[in-house]
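Student: what follows is a predicted protein model with its sequence.
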Amino acid sequence: MSPKYAKDMPQDFTNRIERVAIVGASGQIGQYITKALVDTGKHTITALTRQGSKNELPSGVKTILVDYNDEAALIAALKDQQFLIITLPVTAPPDTHSKIVKAAAKAGVKRIMPNLYSMDDSNEALVKETPLNASKEGILSDIEAAGCSWTYMICSLWYEYSLAMGPIWFGFDFANKKLTLYDEGTTKVNVTTWEQCGRAVAAFLSLNELPEDETDKGVTVETWTNKPLVISSFLISQKDMFESWKRDSGDRDEDWTIESEGSKERYQKGIEAMKGAQDPMSARMGAAMASFVRAFFPNGGGDYESTRGLDNGKLGLPKEDLDERTAVAKEMVEQEYAAKLFAKMAQGS
């Protein structure tokens, strides 16, 4: 397909993304994307919120209550939007994403950031062996079949969330001060903070939509048409995380029980727990154990910045302070974030 240039567009074409719709604007990652977009002051933001939601949104965000099963209402809500961002919880019905995409296409939305906040999907073994991996092919084919383009985000594991959630995730049992190292705990993996994800989306959507002409070599929204944004906050190991935790908390090695477990053995335990589970939540915990330890397999694809590079520089993303972000995770632990989230998931909300 021949390149598109702003100079060739109709006279009323404005070479920037001004109108952005977000599904899940108050969710785990959605709230950070929404805030970052608001902070730019460059966009009119419309949040599509399910009926009955009581979550608050930043000032200036237009809210439209929708029933995701009502296509006509979705089309009306998405009319005139230039870009759609979809973030959905794991409790969302499996066909919700497809319904939103089809409605967006009928409303004339051309560009979509789907509900993919992904690992390094260029590593086939990693993708195949990660139980919680979303079906990228199905999601993207839905978007392409609808005549829209996509840009999703490769950000791997969310740092503060994964650290605070408990031993199944990064091996930290804070209540009992017990750390399970995967192998020697020295395998480095890419992790990303929610705030960095938000900044990445805001920076991306603040670019020109198209190059001005053939001489314009700068990055634009078009640069990532049907390509992922590849970002990260840190390339770190479990031991790096523990050192950061100790600096923030004042804990010492002797305050903790530190054990090690082979990453492949732990992975197999997770798979067996998932397959033998008697209920959906137990199955998900087994899948989480297998999925998170899989990223820590030595040379297993958890470090993707060394193999494919990052888009951080192109987007002007800042270098973050590890101890500051670990302090955020510490606060989440103290506020019992994981227990509250599990309770919310059990309620299906």
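Tutor: Structure received.
Student: tell me the domain ranges of this structure?
Tutor: Using automatic domain parsing, the domain parsing of the chain gives 6-156+194-230, 157-193+233-302+321-343.
Student: closest to residue 310 out of the ones you listed?
Tutor: Residue 310 sits nearest to domain 6-156+194-230 of all the domains of the chain, at 5.6 Å, using Cβ to Cβ. Glycine gets a C-beta too; all of them are placed from N, C-alpha and C.
Student: quick one, which of the domains of the chain is nearest to residue 313?
Tutor: Residue 313 lies closest, by Cβ to Cβ, to one member of these: domain 6-156+194-230, at 10.0 Å.
Student: quick check: mean pLDDT of the closest one?
Tutor: Per-residue pLDDT over domain 6-156+194-230 has a mean of 93.
Student: go on, stretch 314-329?
Tutor: For stretch 314-329, the mean per-residue pLDDT is 98.
Student: which parts of that stretch are buried?
Tutor: Within stretch 314-329, the residues scored as buried using 16 or more other Cβ atoms under 10 Å are 314, 315, 317, 320, 322, 325, 326, 327, 328, 329.
Student: for these, work out which two are farthest apart.
Tutor: Pairwise over the buried residues of stretch 314-329, using Cβ to Cβ, the maximum falls at 314 and 327, 28.7 Å.
Student: could the domains of the chain go into CSV alongside distance to residue 308?
Tutor: Shown next, in CSV, are the domains of the chain (distance: least, Cβ to Cβ, whole Å):
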stretch, distance to residue 308
domain 6-156+194-230, 6
domain 157-193+233-302+321-343, 10
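Student: just checking, residue 88 touches residue 96?
Tutor: Yes - Residue 88 lies in contact with residue 96 (Cβ atoms under 8 Å); the separation is 6.1 Å.
Student: next up, the contacts around the spatially closest residue to residue 176 that is not a sequence neighbour.
Tutor: What sits nearest to residue 176 in space, not counting adjacent residues and going by Cβ to Cβ, 6 or more residues apart in numbering, is residue 257, at 7.5 Å. By Cβ atoms under 8 Å, 6 or more residues apart in numbering, the residues touching residue 257 are 176, 177, 178, 179.
Student: which one of those is nearest residue 31?
Tutor: The closest of the contacts of residue 257 to residue 31 turns out to be residue 179 (Cβ to Cβ; 29.7 Å).
Student: from residue 270, how far out is that closest one?
Tutor: Remark: distance between residue 179 and residue 270 (Cβ to Cβ, to the nearest Å) = 18 Å.
Student: residue 135 now?
Tutor: Using Cβ to Cβ, one gets 20 Å for the distance from residue 135 to residue 270.
Student: those two: which has the busier surroundings?
Tutor: Per other Cβ atoms under 10 Å, whichever of residue 135 and residue 270 has more neighbours is residue 270, with 21 against 12.
Student: can you show me the CA trace of the helix or strand in which that one is found as CSV?
Tutor: In this structure, residue 270 is located in helix 263-276 according to DSSP states H and E. Only the C-alpha atoms of helix 263-276 are listed here, as CSV (Å, rounded to 0.1, in the frame of the first residue of the first chain):
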residue,chain,number,x,y,z
SER,A,263,11.4,-22.1,37.0
LYS,A,264,10.4,-25.1,34.8
GLU,A,265,9.3,-27.1,37.9
ARG,A,266,7.2,-24.2,39.1
TYR,A,267,5.7,-23.7,35.7
GLN,A,268,4.6,-27.4,35.6
LYS,A,269,3.0,-27.0,39.0
GLY,A,270,1.0,-24.1,37.7
ILE,A,271,-0.2,-26.0,34.6
GLU,A,272,-1.2,-29.0,36.8
ALA,A,273,-3.1,-26.7,39.2
MET,A,274,-4.9,-25.1,36.3
LYS,A,275,-5.9,-28.4,34.7
GLY,A,276,-7.0,-29.9,38.0
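Student: the stretch 101-250 of the chain: helices as residue ranges?
Tutor: Applying DSSP state H, counting those that start in this stretch to the stretch 101-250 of the chain gives helices spanning 124-128, 136-145, 159-164, 167-170, 194-205, 238-249.
Student: so where do the strands sit in the stretch 201-349 of the chain?
Tutor: For the stretch 201-349 of the chain, applying DSSP state E, counting those that start in this stretch gives strands covering 229-230, 234-236, 257-261.
Student: out of those, deepest packed?
Tutor: Comparing the strands of the stretch 201-349 of the chain by mean neighbour count (mean count of other Cβ atoms under 10 Å), strand 229-230 ranks first with a mean of 22.
Student: circling back to that earlier point, ok, the residue nearest to residue 176 to residue 211 distance?
Tutor: As judged by Cβ to Cβ, residue 257 and residue 211 stand 57 Å apart.
Student: and if you look at residue 309?
Tutor: 21 Å.
Student: the two - which one has more neighbours?
Tutor: A direct count of neighbours by other Cβ under 10 Å for residue 309 and residue 211 places residue 211 higher, at 20 against 11.
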